[in-house]
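Q: this is a predicted model, with the sequence first.
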Amino acid sequence: MSSRRQPLLHNILLGVLGSASYAVLAETGGRIAVNHGLGWDGANYVRMMVDGIDHGSANTQLRPAIVLLNRVGFWIQPQPIAAFELMNVLYAGLFAVSLAFILDSYDARPAAKWFFVATVAISIATAQMLAYYPVLIDLGAYTVAAAAILFAVRGPSVATAVLCVLAALSREFGIAVAAFGVCRAIRFRVRPWRIAAVYAPSFLAFFALRALVNRAAAGGTVAAPVTMHALLANLSLWTDPLFAGLFFYFMATLLGGVSMVLMSRLGACLRLLWREPEWLVFSVLILAASAAGSADIWRYLAFLTPAMGMLFARLDATWSAPTRIALFTLAGALTFYTQRPFRTVTLERYFSEWFPYYTVTAGVPAELQLHVSLWPAWGWRFLVVAVGLVVMSALHDRLARVPDETPALVKS
């Protein structure tokens, strides 16, 4: 089998893994019961899908692309929740394939690629949450953003332009993909007219849609969307040490042990981002938007997944076999500790484990107020993750000495 066909086969199998994992998580985790299974934002997305894209809230109207794509599922299965579930199975597979090809673009070894994608397929932010609460557009938005980045990495094209527009109209974070593409094209000295032709449509679509929704809000058709002033006001949350602690916890454990490996090599990751500034721009934009967000911290941070894939591939290329085995073993154990996949989810667990800051801001439904408690469970989580990061860093430093010293012995 040729080397070109082998990665393609691996990536197709990883797509199957992604879809199958989502289906298993959906079967074992259960479904949200709020609003008869539609959840909160989900009720708006269903109205947009069934009645028209102008029937949601102002904020959900800013994200029409995945809702429109999900009409394909609604045509196949004319039940809203079932239609979203069907499309999410497809998105999970395509997300896995897109990430696999991104890692291939950075010469990832097969073991690293399989480990990374398998971890994404069972992580809370990228899989479990959407399996439990399927009537959301997040998984589709992650998929479109990853696909757009993949094509931007390979060079500006018509497909890149289309996917960047879809990303910009899928979720507010999607515009960071176009910024990534512009920076990368400039770095590779692509002609300005070509950069404009590929990436200008996504910026135009992003701002034009906001102008239309704001005009509707001014006319009293819908309530106004979240403003920049409100986002900046959210920065006051950083005065609360618990919010700051949860933000860094979710950033460190976004992809379980994989993101913990990256966090333990933070200096190396920053150097890699500096070497390819398009990834730095993309990551800073996502982090800045997440920091100004609310308690849905890792729903926002999950858009960093492609950047984490690039970093994981680059770091893996520097590891010796003993280092890789040790890190993957520890990372796998920490993934299962921090993500706890294949468990039945309840509304109480949804808040206490996945969105704990809502218990502080009184965002938990009144009937759960007396049952949701963060302590001592979160104390143990913080402790285990802190110790895990220290052990990973020490383990890497210890094992990395072996390959570094070997060439010197050979030369002498």
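A: Looks like it came in fine. All values reported here derive from a predicted model rather than from experimental measurement.
Q: shaky segments in the stretch 251-400 of the chain?
A: Applying pLDDT under 70 to the stretch 251-400 of the chain picks out residues 362, 367-370, 400.
Q: the helix or strand hosting residue 309 packs against which elements?
A: Using DSSP states H and E, residue 309 sits in helix 305-316. With contacts defined as 3 or more Cβ pairs under 8 Å, 6 or more residues apart in numbering; DSSP states H and E, helix 305-316 has these neighbours: helix 80-105, helix 110-120, helix 138-154, helix 257-264, helix 266-275, helix 277-291. The C-beta positions use only the backbone N, C-alpha and C, and glycine is treated the same way.
Q: how about these in TSV, adding mean neighbour count and distance to residue 251?
A: Converted to TSV, those look like this (neighbours: other Cβ atoms under 10 Å; distance: least, Cβ to Cβ, whole Å):
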stretch	mean neighbour count	distance to residue 251
helix 80-105	24	18
helix 110-120	22	15
helix 138-154	26	16
helix 257-264	26	7
helix 266-275	14	11
helix 277-291	19	8
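Q: ok so, going back, distance from the chain centre to the helix holding residue 309, please.
A: In terms of Cα atoms, centre = their mean, to the nearest Å, the gap separating the centre of helix 305-316 from the centre of its chain is 13 Å.
Q: that helix to helix 277-291, inter-axis angle?
A: Here helix 305-316 runs at 130 degrees with respect to helix 277-291, directions being taken by axes from the mean of the first three to the mean of the last three Cα atoms, to 10 degrees.
Q: between the helices and strands packed on helix 305-316, which one is closest to residue 207.
A: Taking Cβ to Cβ, helix 277-291 is the member of those nearest to residue 207, at 15.5 Å.
Q: tell me the helices and strands packed up against the closest one.
A: Other helices and strands packing on helix 277-291, by 3+ Cβ pairs under 8 Å, 6+ apart, are helix 175-187, helix 266-275, helix 297-301, helix 305-316.
Q: who are the packing partners of the first one?
A: Translated: helix 175-187. Counting contacts by 3+ Cβ pairs under 8 Å, 6+ apart, helix 175-187 packs against helix 138-154, helix 158-168, helix 192-218, helix 277-291.
Q: the first one packs against which elements?
A: Helices and strands touching helix 138-154, by 3+ Cβ pairs under 8 Å, 6+ apart, are helix 64-69, helix 80-105, helix 129-132, helix 158-168, helix 175-187, helix 305-316.
Q: whatever helix or strand comes next after the last one: how far from the chain's middle?
A: So that's helix 305-316. Once helix 305-316 ends, the next helix or strand along the chain (criterion: DSSP H and E) is helix 321-339. Distance of helix 321-339 from its chain centroid, counting by Cα atoms, centre = their mean, is 20 Å.
Q: okay, the angle between helix 321-339 and helix 110-120?
A: Angle between the axes of helix 321-339 and helix 110-120 is 10 degrees (criterion: the same axes, to 10 degrees).
Q: buried set for helix 321-339?
A: By 16 or more other Cβ atoms under 10 Å, the buried positions in helix 321-339 come out as 323-324, 326-328, 330-332, 334-335, 337-339.
Q: measure the spatially most central residue of the chain to residue 270 for me?
A: Centroid check for the chain by Cα atoms, centre = their mean gives residue 302 as the closest residue, at 2.1 Å. Using Cβ to Cβ, to the nearest Å, residue 302 is found at 21 Å from residue 270.
Q: just give the nearest non-adjacent residue to residue 130, would you?
A: residue 139 (4.4 Å; Cβ to Cβ, 6 or more residues apart in numbering).
Q: then residue 118?
A: Of all residues not flanking residue 118 in the chain, residue 17 sits nearest, at 6.5 Å (Cβ to Cβ, 6+ apart).
Q: now the host helix or strand of the one you found against helix 80-105, angle please.
A: Assigned by DSSP H and E, residue 17 belongs to helix 5-29. Counting by the same axes, to 10 degrees, helix 5-29 points 150 degrees away from the direction of helix 80-105.
Q: just to revisit the earlier point, quick one: which of the helices and strands packed on helix 305-316 is nearest residue 226?
A: Counting by Cβ to Cβ, residue 226 lies closest to helix 277-291 out of the helices and strands packed on helix 305-316; the figure is 11.2 Å.
Q: can you give the distance from that closest one to the centre of its chain?
A: 13 Å.
Q: put the alpha carbons of that helix into CSV.
A: C-alpha atoms of helix 277-291 as CSV (Å, rounded to 0.1, in the frame of the first residue of the first chain):
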residue,chain,number,x,y,z
PRO,A,277,2.2,33.2,13.8
GLU,A,278,-1.1,32.3,12.1
TRP,A,279,-1.6,29.7,14.9
LEU,A,280,-0.7,32.3,17.5
VAL,A,281,-3.2,34.8,16.1
PHE,A,282,-5.9,32.1,15.9
SER,A,283,-5.3,30.9,19.5
VAL,A,284,-5.1,34.4,21.0
LEU,A,285,-8.5,35.3,19.4
ILE,A,286,-10.2,32.2,20.7
LEU,A,287,-8.6,32.7,24.2
ALA,A,288,-9.6,36.4,24.3
ALA,A,289,-13.2,35.6,23.3
SER,A,290,-13.4,32.8,25.8
ALA,A,291,-12.0,35.0,28.6
